[in-house]
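> got a sequence here, can you build the structure:
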Amino acid sequence: MYQDSEKLTYYIILATNAVVNSEKGLEDLPADAKVDELQVNGRTVLKISGTYERDTKNRPNHWTLNLDNSNIITSENQHSDLKAYVVLPDNEFLTKWGSKYSPVTNQAELPFVENSNNAYLIDTTPWTVIAATGTYVKSQAKGNKNIGMTSEGQLAMIGEMWCKNSPVPIDVIAAVQSPYYNFLFAKWMAAQNDQINMALVDNCGHDIMAEVQDRFNQILRHFSLKNRYLSN
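Numbers count the residues shown, from 1 in each chain. Predicted coordinates:
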């Protein structure tokens, strides 16, 4: 259970093909935050400790970790992942939608959280370096560092076949304040195909249909009526 003010410790296992941005590595950390870099089983781990408080909208404040592609990319580390853990104070636990999370007990994971008995895995994110064809100047060939190029490259790989050519109306609803993804992906999708409609929801986190139910229902109803999926 998350209180109004908590002493928390995060452990971020960096992807093997990523490094912390040299200019804006960590942003918006608490004033008392302490950051240490650990080497555990051949992986780089960021340990971030500090006092975290809720904001006025009753959601935890967020801090940002900015990463770049590693200068050395091989076939072995072209695909990797980033994992994030949080260690809570003793006698506290993590829940979501009424379900209680289990703390980490896997012997292979415990060294990454310094063998804490109250650590929780909160995110696993794939980090894939996309090999580009053609010749680019250095400022353009930054992979994941360039949000626009990364979004277009990744989305094109995953969804170009249906996104650009779909004859079926699609409604993309994105939360502007989502802590998990960049909402600009919705703009990119809408620009690819006239059949794709975009709705950006402000003052909302990740779970749009749960946080702003009336707004979500209004957007969905308008889309359904416009495309004759519903009758008045």
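
> am I right that residue 11 sits in a strand?
Yes: according to DSSP: H, G, I helix; E, B strand; the rest coil, the state of residue 11 is that of a strand.

> ok, it - contacts?
Residue 11 makes contact with 45, 46, 47, 48, 84, 85, 86, 87, 112, 113, 114, 119 under the criterion C-beta atoms under 8 Å, 6 or more residues apart in numbering. Using the backbone N, CA and C atoms, a C-beta is placed for each residue, glycine as well.

> separation between the last one and residue 92?
I take that to be residue 119. When distances are taken as C-beta to C-beta, to the nearest Å, residue 119 and residue 92 turn out to be 12 Å apart.

> more neighbours: those two, which one.
Neighbour count, other C-beta atoms under 10 Å: between residue 119 and residue 92, residue 119 has more, with 23 against 12.

> which ones are touching that one?
11, 85, 86, 87, 88, 103, 104, 110, 113 are the contacts of residue 119 under C-beta under 8 Å, 6+ apart.

> from those, pick the one nearest residue 124.
Looking at the contacts of residue 119 and their distance to residue 124, the nearest is residue 85, at 10.2 Å (C-beta to C-beta).

> returning to what we had before: buried subset of the contacts of residue 11?
The neighbour-count criterion (16 or more other C-beta atoms under 10 Å) marks 45, 46, 47, 48, 84, 85, 86, 87, 112, 113, 119 among the contacts of residue 11 as buried.

> with secondary structure and pLDDT added, can I get these in JSON lines?
Written out in JSON lines, the entries for the buried ones among the contacts of residue 11 read as follows (DSSP: H, G, I helix; E, B strand; the rest coil; pLDDT from 0 to 100):
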{"residue": "45", "secondary structure": "strand", "pLDDT": "95"}
{"residue": "46", "secondary structure": "strand", "pLDDT": "94"}
{"residue": "47", "secondary structure": "strand", "pLDDT": "95"}
{"residue": "48", "secondary structure": "strand", "pLDDT": "93"}
{"residue": "84", "secondary structure": "strand", "pLDDT": "92"}
{"residue": "85", "secondary structure": "strand", "pLDDT": "93"}
{"residue": "86", "secondary structure": "strand", "pLDDT": "92"}
{"residue": "87", "secondary structure": "strand", "pLDDT": "92"}
{"residue": "112", "secondary structure": "helix", "pLDDT": "96"}
{"residue": "113", "secondary structure": "helix", "pLDDT": "95"}
{"residue": "119", "secondary structure": "strand", "pLDDT": "93"}
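
> determine which two of those are furthest apart.
In the buried ones among the contacts of residue 11, the most distant members under the criterion C-beta to C-beta are 46 and 119, with 14.4 Å between them.

> contacting residues around the residue nearest the centre of the chain?
Centroid-nearest residue in the chain: residue 180, 3.0 Å away (criterion: C-alpha atoms, centre = their mean). Contacts for residue 180 were tallied using C-beta under 8 Å, 6+ apart; they are 123, 206.

> and the helices in the protein?
Read by DSSP state H, the chain holds these helices, from start to end of the chain: 147-163, 185-192, 208-211, 213-226.
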